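1. how would this look folded up:
(2 chains, ligands or ions: 2)
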Amino acid sequence: MAFVSLSGVDKDYALGATAVRALRGIDLEIARGEFMAVWGPSGSGKTSLLNLIGLLDKPTRGSVHLEGERVDRLPDARLARTRARHIGIVFQSFNLVPVLDACENVMLPLQIAGQGARAAREIALRRLDQVGLGEHCARRPDQLSGGQRQRVAIARALAASPGLVIADEPTANLDSETSLAIVELMRELNRRDGVTFLFSTHDPRLLERVDRRVHLQDGRIIAEPA
Amino acid sequence: MDYIKLGWRNLRRNARRSAVTVLAIAFGYAAINLFSGYIHNVYAGLAEQSIKGERLGHLILAQRGAFDEGKLEPGKYVFSGAEFARISALLAHDADVELVALKLALNGLISNGTASTIFIGEGLDPVVTRRLNGSFGRALGAQLDPARPAAGVVASDLARLMKLDAGAVAVLLTSTLSGQTNALDLEIGGLFNTGNAGTNDKFLLLPLTYVQRLLDTDGGDRIIVLLKDTSRVETARGRIAGALAAAGLDLELRSWRELSAFYEQVKTVFDMIFTFMVSIVLVVVLTSIVNTMSMSIVERTREIGTLRALGMNRAQVVTLFAAEALLLVAAGGLAGTLVTLFAMWAVNRAELSYVPPNISYSVFLQVDFVPDVMVLALLLLALVACAAALLPASRAARLSIVDALGHV
Ligand SMILES: Nc1ncnc2c1ncn2[C@@H]1O[C@H](COP(=O)(O)OP(=O)(O)O)[C@@H](O)[C@H]1O
Ligand SMILES: [Mg+2]
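-> Ligands and ions are numbered 1, 2, ... in the order given. This is a model prediction of the structure:
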């Protein structure tokens, strides 16, 4: 059984009176422990696809299954719980909470899921260590560099030990050297802990480092030449 | 989830905006506290004035029908001396009762030898009067003298009109209970202030035995019951009514508030002003919190999207902002309490005095500390704050996560 599977998925956006067809007939299966990237030109539907897999949005047609359970029709509270347990999200512009320090940001998903502060802090410190920021626990986001912020965001995505981490263009706001380091970090976490990583990018150098690529064009998946 | 910490940090981040809201809450809260403390003091003063100053007592007993029909046939509704002795003995055992006294009211003409005018008056035992008046007695002026059974005290405005001074002799003309015209000399023992502008130009306070002689009776028309504690009026009333009925006495029993129309009028007006003021404060607090929270929520839409993406549900988002609003109220309540205590101290220390409407002497403007109202007002503000946060927060929580995150 696939960890995540999409079948016959369409996504339309209403734009005034017309509909933009962002995704068309997507069939996709992701296995546990994969390290994969979605790529394609701007407007090809990468963000739309990742939002559906990350349970941030619902498909117009078709179905999304997570560990065999259909999740695209769950009510808000169940969906929120599923996200908190199974999915970590990394954003293009980091989206750290500005009033919280690095540790407190990493603690957030744990506390949202109902963990006590002390247990959450221990886990957060471990996660920050894993991304190489063990010393920066008490720093606020505005005291960290872009690369450091994205590392904190990755630590936060991993905090609740989700099976899947989604990252929409996680390196778009970083210089190329830092971008490579971030992808190396994700790769390492994938190898060591078996976390499934799915990120989008249009940087060819990053694409060389993944096991599997999904190529999107005009909302469709294009078969990759082997 | 550490809602309080997150809320507190966000409020501190917008320190100026938060401070303005906290101040609005603080001053509104202090205004409620100070006004309620002031009217509390006024009510207590008026109650004392009625119960002790005007010797109404806490509970007033009369023969059935006397309150409504007593003026028409005064002879029909008197308590004889023997009846009073029996009732007095019955009530003396009650734990709440401080004093039971017989009163006899009269009215007629008072003459100074050259001119005469109407008066109203009441007869009470001089020793009992002192106990009834309590601390009020001396403050109001001259008191009845047990050693001078034919001497009464005159309300100061009446004394001025009739040029009566201590030591003078006047004549009272009235009819006895059986309808005979009767007159008696009255020695003026001194002047006093009734405390009530409506009676200070016509009132005489007289020894009971003198009035009994003038009206040709050995009884009185009211029995006054003074309690040890004003707050126990209703409890005592029920028990006393039961005891009287059990003894086979069919009497009417009223409380001082039922007989003091002035107290009720003042209370109605002040309560109305207070309600009006509380409404205004609540509206001001509501709008300023709605405003603060709306701004904060608009600025933090992306943060809301992020938190939802991390697994927060809608209720948790609303709770987050409700906690922030409650923090505003807590800070405003704390600051407002300090403002209240300081203003209360300053006003009470200043000893500002004024003559209230329909009162015939000046009183100090004092503000009482009324913790019940303060706690209640704070709870009300907290409720309003939650409502104010709920509106914009639930709107933000309903936004789709993708929209909240902002399409990139
Ligand atoms: N909220 C939206 N409303 C309208 N159109 C949208 C919305 N989101 C995406 N689109 C459109 O859907 C298509 C796919 O967009 P997106 O998934 O963001 O692609 P990518 O991430 O590859 O740039 C684009 O044509 C885009 O304009
Ligand atoms: Mg995109």
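
2. Could I get the full set of strands for the stretch 201-350 of chain B?
-> Using DSSP state E, counting those that start in this stretch, the strands of the stretch 201-350 of chain B run over B:203-207, B:222-227, B:251-255.

3. Quick one: find the helix or strand in the chain with the lowest mean pLDDT.
-> No chain was given, so I picked chain A. Least confident helix or strand of chain A, by mean pLDDT, DSSP states H and E, is helix A:204-207 with a mean of 89.

4. ah, no, chain B please
-> Quick look at chain B via mean pLDDT, DSSP H and E: least confident is helix B:136-140, a mean of 73.

5. Not counting sequence-adjacent ones, nearest residue to the residue nearest the centre of chain A?
-> Nearest to the mean C-alpha position of chain A, counting by CA atoms, centre = their mean, stands A:Ile166 at 1.4 Å. Spatial nearest neighbour of A:Ile166, chain neighbours left out: A:Gly54 (4.2 Å); criterion: CB to CB, 6 or more residues apart in numbering or on different chains. For every residue, glycine as well, the C-beta is placed using N, CA and C.

6. Show me what the longest helix anywhere in chain A is packed against.
-> Ordering each helix of chain A by length in residues (DSSP state H) puts helix A:176-193 first. Judged by 3 or more CB pairs under 8 Å, 6 or more residues apart in numbering or on different chains; DSSP states H and E, the packing partners of helix A:176-193 are strand A:35-39, helix A:146-158, strand A:196-200, helix A:204-207.

7. List the contacts of the shortest one.
-> With contacts defined as CB atoms under 8 Å, 6 or more residues apart in numbering or on different chains, helix A:204-207 is touched by A:37, A:39, A:171, A:176, A:179-180, A:183, A:201, A:213.

8. what about 10 Å?
-> Residues from elsewhere that reach helix A:204-207 (CB atoms under 10 Å, 6 or more residues apart in numbering or on different chains): A:37, A:39, A:170-171, A:176, A:179-180, A:182-184, A:186, A:199, A:201, A:213, A:215.

9. So which bits of that helix are buried?
-> Buried residues in helix A:204-207, counted by 16 or more other CB atoms under 10 Å in any protein chain shown: A:Leu206.

10. quick one on the thing from earlier: closest one of the contacts of helix A:204-207 to B:Thr209?
-> A:Pro170 (103.7 Å; CB to CB).

11. how much space between that closest one and chain B?
-> Per CB to the nearest CB, to the nearest Å, A:Pro170 is found 12 Å from chain B.

12. where does B:Leu72 land on pLDDT?
-> Note for B:Leu72: predicted pLDDT of 76.

13. For burial, what's the neighbour tally of B:Glu264?
-> 13 (other CB atoms under 10 Å in any protein chain shown).

14. one step back: which strand or helix spans the residue nearest to the centre of chain A?
-> Assessed by DSSP states H and E, A:Ile166 sits inside strand A:164-168.

15. Sheet partners, orientation included, of that strand?
-> Sheet pairing here is set by DSSP bridges, and for strand A:164-168 it gives strand A:87-90 (parallel), strand A:196-200 (parallel).

16. Show me which parts of the last one are buried, residue by residue.
-> Across strand A:196-200, burial judged by 16+ other CB under 10 Å covers A:196-200.

17. rewinding a little: with mean pLDDT as added columns, please give the strands paired with strand A:164-168 in a markdown table.
-> Shown next, in a markdown table, are these (pLDDT from 0 to 100):
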| stretch | mean pLDDT |
| --- | --- |
| strand A:87-90 | 96 |
| strand A:196-200 | 96 |
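
18. Go through those and name the closest to ligand 1.
-> strand A:196-200 (6.7 Å; CB to the nearest ligand atom).

19. Can I get that closest one as PDB, trimmed to CA atoms?
-> Below are the C-alpha coordinates for strand A:196-200, written out as PDB (Å, rounded to 0.1, in the frame of the first residue of the first chain):
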ATOM      1  CA  THR A 196       9.600  10.800   3.300                       C
ATOM      2  CA  PHE A 197      10.600  14.200   1.700                       C
ATOM      3  CA  LEU A 198       8.700  15.800  -1.200                       C
ATOM      4  CA  PHE A 199       9.900  19.200  -2.300                       C
ATOM      5  CA  SER A 200       9.400  21.400  -5.400                       C
END
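
20. picking that back up, can you read off the pLDDT for the residue nearest to the centre of chain A?
-> Residue-level pLDDT assigned to A:Ile166 equals 96.

21. gap between it and B:Gly238?
-> Using CB to CB, to the nearest Å, we find A:Ile166 at a distance of 73 Å from B:Gly238.

22. chain center to the biggest helix by length in chain B, what's the gap?
-> In chain B, taking DSSP H as the definition, the longest helix is helix B:261-299. Offset of helix B:261-299 from its chain centre (CA atoms, centre = their mean, to the nearest Å): 21 Å.

23. now check that helix, is it near chain A?
-> No: shown here: helix B:261-299 not in contact with chain A (CB under 10 Å from any CB of the partner chain), separated by at least 10.6 Å.

24. Does B:Leu144 touch B:Asn133 like I think?
-> Yes: in this structure B:Leu144 lies within contact range of B:Asn133 using CB atoms under 10 Å: 9.5 Å.

25. Next up, phi/psi of the nearest residue to B:Ser400 once chain neighbours are set aside, please.
-> Nearest residue to B:Ser400, sequence neighbours excluded (CB to CB, 6+ apart): A:Asp57, at 7.1 Å. Phi and psi for A:Asp57, reported as degrees, to the nearest 10, are phi -150, psi 160.

26. Could you report the neighbour count for B:Asn182?
-> Neighbour number of B:Asn182 under other CB under 10 Å is 15.

27. now swap in B:Thr194 and tell me
-> There are 25 residues near B:Thr194, going by other CB under 10 Å.

28. Likewise for B:Ala147?
-> With other CB under 10 Å as criterion, B:Ala147 counts 7.

29. check contacts around it.
-> Each residue near B:Ala147 by CB under 10 Å, 6+ apart is listed here: B:Pro126.

30. hang on, it in a strand?
-> No: looking at B:Ala147 with DSSP: H, G, I helix; E, B strand; the rest coil, it is coil, so not inside a strand.

31. For the residue nearest to B:Met344 when sequence neighbours are not counted, pull up the helix or strand it's in.
-> Once flanking residues are discounted, B:Met344 sits nearest to B:Val367: 4.8 Å by CB to CB, 6+ apart. Using DSSP H and E, B:Val367 maps to neither a helix nor a strand.

32. Surely B:Val367 touches B:Ala44?
-> No: counting by CB under 10 Å, B:Val367 stays clear of B:Ala44, with 11.7 Å between them.

33. These two: which is more packed in?
-> Between B:Val367 and B:Ala44, counting by other CB under 10 Å, B:Val367 is the more crowded of the two (21 against 13).

34. just for the stretch 51-200 of chain B, where's the confidence low?
-> The model of the stretch 51-200 of chain B has pLDDT under 70 over residues B:138.

35. Strands along that one, start to end?
-> When secondary structure is read from DSSP E, counting those that start in this stretch, the stretch 51-200 of chain B shows strands at B:59-63, B:97-111, B:116-124, B:151-155, B:169-175, B:181-192.

36. deepest of those, which one?
-> strand B:151-155 (a mean of 26; mean count of other CB atoms under 10 Å in any protein chain shown).
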